[in-house]
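J.: Let me see the structure of the following:
(one chain, ligands or ions: 2)
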Amino acid sequence: MPDARFATLDDIRAALTGLPSPDAQALSGAQARNGQLTKPPGALGRLEDLAQWYASWRGDLRPRIERPQVAVFAGNHGVASLGVSAFPPEVTAQMVANFEAGGAAINQLARTFGATMTVTPLELDRPTADFTQGPAMSEDELCAAFSVGWDAVDPAADVLVPGEMGIANTTAASAVAAALYGGVGWVGAGTGVTGAALGRKAEVVAAGLERHRDALGDPLEVLRRLGGRELAAMAGAVLRARHLRVPVLLDGFICTAAASVLERAAPGALDHCAAGHVSAEAAHAALLERLNKRPLLSLGLRLGEGTGGALALGVLRGAVECHSGMATFAEAGVTDG
Ligand SMILES: O=C(O)c1ccc[n+]([C@@H]2O[C@H](COP(=O)([O-])O)[C@@H](O)[C@H]2O)c1
Ligand SMILES: Cc1cc2nc[nH]c2cc1C
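T.: Ligands and ions are numbered 1, 2, ... in the order given. The predicted structure follows:
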């Protein structure tokens, strides 16, 4: 793609430097305001921290949320041909049509929590290469997908929820997580893989790690060799959001694995991200622990699409409305303790 925003991995590396920080003045103003609101200190629990975190990234001690964006990215995977999913790869394009028609879970949740939703299919008729045989993507392909994600973020958005759809992408996400953090236990059921197929999935991940062993010290190479287009696009979107100071609510295992690439490449790169939920895919909890992020919700979801992030948007909206809309003790004439 000649007009891609990022043409090389080094272009992406450059965008991972000089990242904006949260606004210390907005944070201290928000902390002071929080102490004056008509409630016992700390009585809104984690909502208080969440609102202050949001205020610090927006640079506004009394922010409002008006334009949340759910951005769903879809990709197809070469490893799908190895029997690692409970569903066939044509489901990816079929679900994109469902998103476009408004019939998926994420459509209902985005509407419920007042978010706009964009859907971006990434070359679905050209799956990534089977990563047990070679890199999933060329440098050009990785950069093109990363650029699409970067460009999909609405600069006027005030919260981003990245979501994904891609048959076999838990295999890619497991390989990425294993390569970034090492250890075992990164492979799970995905759409419902059990028995011999689950064993095959673990072998596929192990074969990918072995095949690319010498290149896995570089997180962007991990994404290129073992990831997929929708993972690359989510990473691009999360990085763009950081440059725009748009807070992000991470979704499930695949979304978090994609974002982890940024954190491994530039520690602190996910400070503008909160974990929307913890998925039933067991490796998600392990990944959130590595990232030192405590999920807002734990509802047993394992759908992806951005559904856990969108549900957490309800929590974030509640937190920010309380913080910015509540009366202070002085305003309400309530006696402070
Ligand atoms: O978000 C999660 O944690 C999650 C966990 C399991 C499965 N998924 C979804 O299921 C698909 C991948 O599952 P699989 O078995 O095909 O690798 C993909 O479309 C994901 O959105 C998502
Ligand atoms: C039907 C279906 C819907 C999905 N949404 C996200 N991943 C999915 C996987 C399947 C199989």
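
J.: Return the set of buried residues in the longest helix seen in the chain.
T.: The longest helix of the chain (DSSP state H) is helix 307-325. Of all the residues in helix 307-325, those buried under the rule 16 or more other CB atoms under 10 Å are 307-313, 315-317, 319-320, 322-324. The way it works is simple: take the backbone N, C-alpha and C, and place the C-beta from them, glycine included.

J.: after that helix, next one along is what?
T.: Counting by DSSP states H and E, the next helix or strand C-terminal to helix 307-325 is helix 329-332.

J.: for R211, phi and psi?
T.: phi -60, psi -40 (degrees, to the nearest 10).

J.: Next one: it relative to V79, how far apart?
T.: 12 Å (CB to CB, to the nearest Å).

J.: Tell me where the chain has helices.
T.: 9-15, 24-36, 46-58, 90-101, 105-112, 139-152, 169-181, 195-211, 219-226, 229-244, 253-265, 282-290, 307-325, 329-332.

J.: The first one packs against which elements?
T.: It refers to helix 9-15. In terms of contacts (3 or more CB pairs under 8 Å, 6 or more residues apart in numbering; DSSP states H and E), helix 9-15 is packed against helix 139-152, helix 219-226, helix 229-244.

J.: Which residues are in contact with each of R211 and V79?
T.: 131-132 (CB atoms under 8 Å, 6 or more residues apart in numbering).

J.: Of those two, give the one with the bigger neighbour count.
T.: For R211 versus V79, neighbours defined as other CB atoms under 10 Å are more numerous around V79 (30 against 17).

J.: Surely the more buried one is in contact with F131?
T.: Yes. Counting by CB atoms under 8 Å, V79 does reach F131; the two are 6.1 Å apart.

J.: thinking again about what came up before, report the angle between the axes of the longest helix of the chain and helix 282-290?
T.: Comparing the axes of helix 307-325 and helix 282-290 via axes from the mean of the first three to the mean of the last three CA atoms, to 10 degrees yields an angle of 40 degrees.

J.: Do any residues in helix 307-325 lie close to ligand 2?
T.: No. Judged by CB under 6 Å from any ligand atom, helix 307-325 makes no contact with ligand 2; its nearest approach is 8.2 Å.

J.: Which elements pack onto that helix?
T.: Using 3+ CB pairs under 8 Å, 6+ apart: helix 307-325 touches helix 24-36, helix 46-58, strand 68-74, helix 105-112, strand 159-165, strand 248-250.
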